[in-house]
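*Asks:* Pasted the sequence and its predicted model underneath.
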Amino acid sequence: MVNFVRKLFCLCLLPFNFLFSQNLTNFEIVDSLINSIVDEISSQFSSEKIKVQSNLQDKLIENRILNSLLKRFIVFFDDDVDDIVRLDAFQSKIYYIAEQTGFLKRSRLKREVEINLYCSVIKSGRLIWSDSLRRKFSDYINPDEIEKIEDKNFKFTRGEFIEKSSSLRKFFEGFLVVSSIGIAIYLLFILRK
């Protein structure tokens, strides 16, 4: 009986858990995507010692990548090590796309986060692997949560709004173009006579 009461209590509290849960910040998402990319880079090495050469402009992103590499390797910057990771370029994009959902047309935003890291792996002076690694993440947020998930101090955590055109608008635009062409052809034949 006690187990039944416990389970019933947990089931009653479950909806409140989703109500008070918070979304991940853009910084946390970018950091998680960077860790995923470093996992893929790590699969290219068999030794524990690597050298890192970086051309990245954003030092915070560079430090996040280095911290993730330090969890897996012993990282050198000046020593003569055969395995080298070269970080060439990093780009992040965050978009908010407005959507209307539900019977009452409640507005929410689809958040899309994408990062690209161009890097190379060099072993014993030979280029082994070079690629642009891309990771994406998307979820839904409420419009009033934007201030909580963005960090004003870091430019790469700020997103931009994209207006999504509705299917009714596309239909109307298509109808307008087709009818304009039809009227132009009709007038051409009428004026020719």
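*Replies:* Everything's here; your move.
*Asks:* Every contact and neighbour count from this point should use C-alpha atoms.
*Replies:* Will do.
*Asks:* could you pull out the strands for this protein?
*Replies:* 49-54, 74-76, 83-101, 106-123, 126-141, 160-162 (DSSP state E).
*Asks:* Tabulate those strands (TSV), appending distance to residue 179 and mean neighbour count.
*Replies:* As requested, the strands of the chain are arranged in TSV below (distance: least, Cα to Cα, whole Å; neighbours: other Cα atoms under 10 Å):
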stretch	distance to residue 179	mean neighbour count
strand 49-54	57	18
strand 74-76	66	16
strand 83-101	29	18
strand 106-123	33	18
strand 126-141	38	14
strand 160-162	29	12
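*Asks:* Nearest to residue 177 among the ones you listed would be which one?
*Replies:* For the strands of the chain, the distance to residue 177 is smallest for strand 160-162, at 24.2 Å, taking Cα to Cα.
*Asks:* Paired strands for that closest one, with orientation please.
*Replies:* The strands that strand 160-162 pairs with in its sheet are strand 83-101 (parallel) (by DSSP bridges).
*Asks:* Nearest residue to the middle of this protein?
*Replies:* residue 113 (1.8 Å; Cα atoms, centre = their mean).
*Asks:* Contacts only, for the residue nearest to it when sequence neighbours are not counted.
*Replies:* Among residues not flanking residue 113 along the chain, residue 94 sits closest, at 4.5 Å (Cα to Cα, 6 or more residues apart in numbering). Listed by Cα atoms under 8 Å, 6 or more residues apart in numbering, the contact set of residue 94 reads 111-114, 157-160.
*Asks:* rerun at 6 Å
*Replies:* 112-113, 159 (Cα atoms under 6 Å, 6 or more residues apart in numbering).
*Asks:* need these in TSV with distance to residue 32, can you?
*Replies:* Below are the contacts of residue 94 laid out as TSV (distance: Cα to Cα, whole Å):
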residue	distance to residue 32
112	14
113	11
159	17
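*Asks:* Which single one of those is nearest to residue 27?
*Replies:* For the contacts of residue 94, the nearest to residue 27 is residue 113 (10.2 Å; Cα to Cα).
*Asks:* Test my guess that that closest one contacts residue 137.
*Replies:* Yes. Residue 113 is within contact range of residue 137, at 5.1 Å (criterion: Cα atoms under 6 Å).
*Asks:* what about the chain, any weak spots by pLDDT?
*Replies:* 1-22, 101-106, 164-168, 193 (pLDDT under 70).
*Asks:* buried stuff in stretch 169-177?
*Replies:* Under the neighbour-count criterion of 16 or more other Cα atoms under 10 Å, stretch 169-177 has nothing buried.
*Asks:* By residue count, which helix of this protein is the longest?
*Replies:* helix 167-192 (DSSP state H).
*Asks:* I'd like the strands of the chain as JSON lines, with distance to residue 35 appended.
*Replies:* Conversion of the strands of the chain to JSON lines gives the following (distance: least, Cα to Cα, whole Å):
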{"stretch": "strand 49-54", "distance to residue 35": "16"}
{"stretch": "strand 74-76", "distance to residue 35": "16"}
{"stretch": "strand 83-101", "distance to residue 35": "14"}
{"stretch": "strand 106-123", "distance to residue 35": "11"}
{"stretch": "strand 126-141", "distance to residue 35": "10"}
{"stretch": "strand 160-162", "distance to residue 35": "24"}
